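S.K.: structural data only, the sequence is not supplied:
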DNA sequence: TAGATTGTTAATCGATTAACAATC
DNA sequence: TAGATTGTTAATCGATTAACAATC
């Protein structure tokens, strides 16, 4: 079963399963079932079993899943059993929050490079890392073989920054700018825009 | 066509259409087509037309859509033609970034209330608003009739904060804590967790 | 053995898309 | 009129779920 066979909607749920399982683990639980996990997440147990079945058999009839084992498997499937270096572009308020977010290190992501275009910020440090001139972005990213980046710049410059990142070899982008990015097929973009999420809420309120 | 008839997947795309149309507007364009919009967003033109058709007829054969008109309609559908007051719970790094984010005001969302549990922060100001004791959260939210909240507290306290918010009448929550929240049916939650998004990217990289 | 839960099948349900008449 | 694009229909495609044999 090659990656391209597995629906993206399935992939999108795996990190959510992983997060819930990790949480159960910190709560000291060792075994769970698709029923219990489904109830926690508001998802049917059948869907969880079906999703997991794309990748192998991880449970035991009558018992359920050993959480530690399933966590390890999901980490492997999502390729987060390793450490990922991430470049952060934009050292404004959002960049600042991202640079200080502990959740990254805990999950194998490490911001190792920060860029900005503000001369007042270039050369200063943010959470221990020196802020570099965005003009040297391509060169630096290539030199350190970075493949993941977070874009936290204004909408106006986000596409230009993205083009630079792609040219330098970045394969995955987490975009905080409120704009749709155009990228080649081999580059994967995820979007975080609180306004988009809030507008989806207000429809129902 | 009542709201509950319209698939949530359709609703989830409307804010993205709105964002792209607003952008076209700031670029000075007045007319667009489902083809053009679809190419910008990587979505088929048929899907855009189908999505919009749930709510009425907004285009003109042979011409396309008047952007200003379509923007107004989408704002009305999503209920963001009005101003929404939002409570922010948590004045850490993420709360700080949210409090300073200009994108909210530009789109009709106004953070009018900020809460934290840190005595060192309570009473100080963040972007002009006084940080209130989270112990008074329910009382304050009820008094000001707030229906939207952003949760930016650690995972450990997120569910307790949520329960308070719900009890006080909040109907929509944007959750930044890396945990699944349990809420009654009438409350709508959206999740923002950069780790979840990054893990979805690494699968493909 | 009795009870529980998996992995999988087949049926159901829902979303996307191709195609086109209508019409600007 | 010729060209373009909408809104909608029907077909296709894909995802979810109910059910159950297998089995711990």
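M.R.: Cool, the structure landed. These numbers were taken from a predicted model, which means no experiment stands behind them.
S.K.: drop to CA atoms for contacts and neighbour counts, all remaining ones
M.R.: Fine.
S.K.: in chain A, which helix or strand is least confident?
M.R.: With mean pLDDT, DSSP states H and E as the measure, the helix or strand of chain A carrying the lowest mean pLDDT is helix A:102-106 (a mean of 93).
S.K.: what are the contacting residues of it?
M.R.: A:110, B:195 (CA atoms under 8 Å, 6 or more residues apart in numbering or on different chains).
S.K.: which other residues reach the helix or strand just after that helix?
M.R.: As assigned by DSSP states H and E, the chain's next helix or strand after helix A:102-106 is strand A:109-116. Outside strand A:109-116, the residues within contact range by CA under 8 Å, 6+ apart are A:83-91, A:99, A:104, A:122, A:129-134, A:137.
S.K.: mind checking which helix or strand the residue of chain A found nearest DNA strand D is in?
M.R.: Proximity of chain A to DNA strand D (CA to the nearest atom of the strand) peaks at residue A:62, 3.6 Å away. Assigned by DSSP H and E, residue A:62 falls within no helix or strand.
S.K.: just the pLDDT for it.
M.R.: Note on residue A:62: pLDDT of 96.
S.K.: residues contacting it?
M.R.: Per CA under 8 Å, 6+ apart, neighbours of residue A:62: none.
S.K.: one step back: inside strands: which ones of the contacts of strand A:109-116?
M.R.: A:84, A:85, A:86, A:87, A:88, A:89, A:129, A:130, A:131, A:132, A:133 (DSSP state E).
S.K.: picking up where we left off before, how far away is the residue of chain A closest to DNA strand D from residue A:34?
M.R.: As judged by CA to CA, to the nearest Å, residue A:62 and residue A:34 stand 11 Å apart.
S.K.: which SS state does the residue nearest the centre of chain A fall under?
M.R.: With distances taken as CA atoms, centre = their mean, residue A:174 lies nearest the centre of chain A, 7.0 Å away. Three-state call for residue A:174 (DSSP: H, G, I helix; E, B strand; the rest coil): strand.
S.K.: what bridges to it?
M.R.: Following DSSP bridges, residue A:174 is listed with bridge partners residue A:150, residue A:190.
S.K.: thought it was touching residue B:197?
M.R.: Yes. Shown here, residue A:174 and residue B:197 form a contact pair, counting by CA atoms under 8 Å, at 7.3 Å.
S.K.: mutual contacts of these two, please.
M.R.: Counting by CA under 8 Å, 6+ apart, the residues touching both residue A:174 and residue B:197 are residue A:190.
S.K.: would you map the helices across chain A?
M.R.: Per DSSP state H, chain A carries helices over the ranges A:8-26, A:34-41, A:45-53, A:67-77, A:93-100, A:102-106, A:137-143, A:155-167, A:194-202.
S.K.: point out the most buried one among those.
M.R.: The highest mean neighbour count among those, using mean count of other CA atoms under 10 Å in any protein chain shown, belongs to helix A:194-202: a mean of 22.
S.K.: relative to the whole chain's centre, how far out is that helix?
M.R.: 20 Å (CA atoms, centre = their mean, to the nearest Å).
S.K.: report all helices and strands that that helix contacts.
M.R.: helix B:8-26, strand B:172-175, strand B:188-191 (3 or more CA pairs under 8 Å, 6 or more residues apart in numbering or on different chains; DSSP states H and E).
S.K.: now mean pLDDT too, for those, in a markdown table please.
M.R.: Formatted as a markdown table, the helices and strands packed on helix A:194-202 follow (pLDDT from 0 to 100):
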| stretch | mean pLDDT |
| --- | --- |
| helix B:8-26 | 97 |
| strand B:172-175 | 98 |
| strand B:188-191 | 98 |
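S.K.: among these, which is nearest DNA strand C?
M.R.: helix B:8-26 (6.1 Å).
S.K.: surely residue A:141 and residue A:167 touch.
M.R.: No. Counting by CA under 8 Å, residue A:141 stays clear of residue A:167, with 9.8 Å between them.
S.K.: so how far is residue A:134 from residue A:164?
M.R.: Taking CA to CA as the measure, residue A:164 falls 10 Å from residue A:134.
S.K.: ignore the last one, residue A:105
M.R.: For residue A:105, the distance to residue A:134 - CA to CA - is 24 Å.
S.K.: ok, residue A:98 next?
M.R.: 17 Å.
S.K.: and residue A:153, how far from residue B:69?
M.R.: For residue A:153, the distance to residue B:69 - CA to CA - is 29 Å.
S.K.: also residue A:138?
M.R.: According to CA to CA, residue A:138 stands 41 Å off from residue B:69.
S.K.: can you check residue A:175 too?
M.R.: For residue A:175 relative to residue B:69 (CA to CA), the value is 28 Å.
S.K.: can you check residue A:65 too?
M.R.: Relative to residue B:69, residue A:65 is positioned 53 Å away (CA to CA).
S.K.: sorry, back to before: now that we have the ones in strands among the contacts of strand A:109-116, which of them are buried?
M.R.: A:84, A:85, A:86, A:87, A:88, A:89, A:130, A:131, A:132, A:133 (16 or more other CA atoms under 10 Å in any protein chain shown).
S.K.: just how off-centre is stretch A:69-88 within its chain?
M.R.: Using CA atoms, centre = their mean, the offset of stretch A:69-88 from its chain centre is 10 Å.
S.K.: what residues does chain A have near DNA strand D?
M.R.: A:7-10, A:43-44, A:46-47, A:50, A:60-63 (CA under 7 Å from any atom of the strand).
S.K.: now, the most widely separated pair of those?
M.R.: A:8 and A:62 (29.7 Å; CA to CA).
S.K.: for burial, what's the neighbour tally of residue A:188?
M.R.: Look at residue A:188: counted by other CA atoms under 10 Å in any protein chain shown, it has 20 neighbours.
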